[in-house]
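>>> based on what follows, work out the 3D shape:
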Amino acid sequence: MSDERKNGMSRTYQLTCWGLMAALAFVSNYVMFPLLGSRVTVSNSICVLCGMILGPWAGFVTAGLGAFLYDLIAGYGAEGMITLVSKGAIGLIAGLICHRRLTRKALDGSDRIRLFIGAGIAALTYVVLYMLKTLIMGLTVNGLTWDATLVKMGTKLPASLLNAAFATVTAPILMQALHQPLHHLGVLKA
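You can find the predicted model right below:
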């Protein structure tokens with residue numbers, strides 16, 4: 001096999017897939033809806049899909065880069081690098097847990113369960129990282145007291161958990177729907 005082919009697809013095809021997933025991770029930040037008095041965004045679901053589809057490292061890069069670019073454009077540039085790492089972690093963990101199994105032509109019951117477990121762990125990792133960022137920023141950058149920082153974290157936690165639950169449910173369902181077409185196109189080759 002030539003160096004031009006990696007994982008069953010040309011380098012150009014592979015970079016195109018990465019670019020499309022990063023663009024999807026970027027745009028997904030704009031797709032949100034109210035639910036239970038909070039705001040749910042599609043972003044975390046797409047970050048999970050980045051890892052499931054592209055694997056851990058490409059998932060990290062595409063999910064992180066898409067979210068980073070959103071932060072830059074939306075005026076959150078100071079937190080862009082933090083977002084790159086925390087959203088990238090979603091793609092990394094989902095890829096580590098799920099990607100290898102998705103390269104098989106057919107999914108069995110244990111693969112489907114793995115999708116939900118991988119999505120859940122990846123989404124909860126983001127919640128932990130987001131809460132850690134809120135804690136550190138509250139105590140250092142914002143100069144809040146410990147108690148005030150904990151209150152701030154407490155106000156952000158319900159929405160974060162709701163977004164994690166949404167990603168845990170939707171990303172595996174989308175992945176199951178996309179599995180055969182992506183496998184047929186050669187995107188999910190080992």
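
>>> state the helix or strand in which the residue lying closest to Asp71 once chain neighbours are set aside lies.
Closest residue in space to Asp71, ignoring its immediate chain neighbours: Gly80 at 4.2 Å, by Cβ to Cβ, 6 or more residues apart in numbering. (C-beta placed from N, C-alpha, C; glycine too.) Assigned by DSSP states H and E, Gly80 belongs to helix 80-94.

>>> strands along the chain, start to end?
Counting by DSSP state E, the chain has strands at residues 5-6, 9-10, 32-35, 38-41.

>>> re the thing from before, so how far is the helix holding Gly80 from its chain's centroid?
Mean C-alpha position of helix 80-94 versus that of the full chain (Cα atoms, centre = their mean, to the nearest Å) differs by 7 Å.

>>> tell me what it is packed against?
Where contact means 3 or more Cβ pairs under 8 Å, 6 or more residues apart in numbering; DSSP states H and E, helix 80-94 is packed against helix 43-54, helix 56-74, helix 109-136.

>>> max-length helix in this protein?
In the chain, assigned by DSSP state H, the helix with the most residues is helix 146-185.

>>> helix 43-54 and that helix, what's the angle between them?
Note on geometry: by axes from the mean of the first three to the mean of the last three Cα atoms, to 10 degrees, helix 146-185 and helix 43-54 are set 40 degrees apart in direction.

>>> now helix 146-185, how far from the centre of its chain.
Centroid separation for helix 146-185 versus its chain: 8 Å, with Cα atoms, centre = their mean.

>>> got the buried residues for that helix?
Residues of helix 146-185 classed as buried by neighbour count (16 or more other Cβ atoms under 10 Å): 149, 152-153, 159-160, 162-168, 170-172, 174-175, 178-179, 182-183.

>>> follow-up on the earlier one: tell me the mean pLDDT for the helix holding Gly80?
The predicted model gives helix 80-94 an average pLDDT of 97.

>>> quick one: the nearest residue to Met21 once chain neighbours are set aside from Gly143, how far?
Nearest residue to Met21 in three dimensions, chain neighbours excluded: Thr62, at 4.1 Å (Cβ to Cβ, 6+ apart). With distances taken as Cβ to Cβ, to the nearest Å, Thr62 is found 35 Å from Gly143.

>>> surely Met52 meets Ile93?
No - contact between Met52 and Ile93 fails when scored by Cβ atoms under 8 Å: they sit 10.4 Å apart.

>>> who has more neighbours, the two?
Neighbours were counted for Met52 and for Ile93 using other Cβ atoms under 10 Å; Met52 has more, 31 against 24.

>>> and the pLDDT at the more buried one?
pLDDT, Met52: 96.

>>> re earlier: who has more neighbours, Thr62 and Gly143?
The residue with more neighbours, out of Thr62 and Gly143, is Thr62; 30 against 9, by other Cβ under 10 Å.

>>> all good on my end, thank you.
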